[in-house]
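Novice: Turn this into a structure:
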Amino acid sequence: MRGETAKNESRQASPLLAKRSEPPPMQIVHSDFQDQLVRGLAHRMNNILTLFHGYLGLLVDNKDLDKTTLEGLAKIKLGAVQASELIDRTHALVRPSASVLREIDLGEFLRLSRLAFDGLRGPKTTIELQIEEDLPAVMCDASRIRTAITELVKNACDSTFADGGIVVISARSEQTKGSRTKWIALSVSDTGPGIPDEIRDRIFTPFYSTKKKQNAAGLGLTVALSFAQQHGGSLRFDSTPEKTTFELRLPSVPD
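Specialist: Numbers count the residues shown, from 1 in each chain. Below you'll find the model as predicted:
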């Protein structure tokens, strides 16, 4: 699942992303009714799933069950876990928990995450890091930035999984002319088949996915967009049949 948004201050970003015309900025908008509906649904579904998990645990512990039945129960348990995770992610989008902000060295953060990123790629995909030296720090929630970046990398790795390719994760600092604000631009590029024109305006729509995986929730880029907006940044993309780049821009900590 892929998409785009842009804030006013990010319209003068890198030349790669400035070449194409951009649609109106996309924003995730909350309403009291949506919040109440999703919170109520999440609470009730979690109660049901808690009961579900409990009885599944009792059944799996039954030593008299044959192998086929145990394998079936394991699949049901996996489905219940995925349902719980989906509810939690949906609830977090509608009503994010309080952020725990601290200064993050994004370059070091990416280097330490390299092994985790390698676990997302296919056997024919190569991951490269291109990190500018002495990047300014960003003030953000470490857990949320990890989730947002992981979603972007996962998206790129999925795009190159079948035929192989290269995923490049880069980070650099930028400063818009006439502004005191410095930005950290984190880009994730892949050499996959690109994003068809006819689905570009739906990429950030919650639960929309073009992936053939059965457990694809269609929330990955929605989560990344939500993170960017919560931290005063932006997320947008540029795509051709040979290359797709997603760029997450965050304001750096003032000098």
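Novice: Spatially central residue in the protein, please.
Specialist: residue 151 (2.9 Å; CA atoms, centre = their mean).
Novice: Please report how far the residue located most distally from the centre of the chain lies from residue 72.
Specialist: Here the chain reaches farthest from its C-alpha mean at residue 64, the gap being 42.5 Å by CA atoms, centre = their mean. Distance of residue 64 to residue 72, computed by CB to CB, to the nearest Å: 15 Å. For glycine as for every other residue, the C-beta is placed from the backbone atoms N, C-alpha and C.
Novice: And the next helix or strand past the one helix or strand the residue nearest to the centre of the chain maps to?
Specialist: When elements are assigned from DSSP states H and E, residue 151 belongs to helix 142-160. Scanning forward in sequence from helix 142-160 by DSSP H and E, the next helix or strand is strand 165-175.
Novice: Adjacent strands (with direction) for that next one?
Specialist: Here strand 165-175 has these sheet partners by DSSP bridges: strand 125-131 (parallel), strand 182-190 (antiparallel).
Novice: deepest of those strands, which one?
Specialist: strand 182-190 (a mean of 23; mean count of other CB atoms under 10 Å).
Novice: and the next helix-or-strand element following it, which residues are buried?
Specialist: Downstream of strand 182-190, the first helix or strand assigned by DSSP H and E is helix 220-230. Neighbour-count burial for helix 220-230 flags 220, 221, 222, 223, 224, 225, 226, 227, 228, 229 (criterion: 16 or more other CB atoms under 10 Å).
Novice: got the angle for helix 220-230 vs strand 182-190?
Specialist: Interaxial angle, helix 220-230 versus strand 182-190 (axes from the mean of the first three to the mean of the last three CA atoms, to 10 degrees): 170 degrees.
Novice: So which elements touch helix 220-230?
Specialist: Identification of packing neighbours for helix 220-230 by 3 or more CB pairs under 8 Å, 6 or more residues apart in numbering; DSSP states H and E yields helix 67-94, helix 142-160, strand 234-239, strand 244-251.
Novice: Distance from the chain centre to that helix, please.
Specialist: Relative to its chain's centre, helix 220-230 lies at 7 Å (CA atoms, centre = their mean, to the nearest Å).
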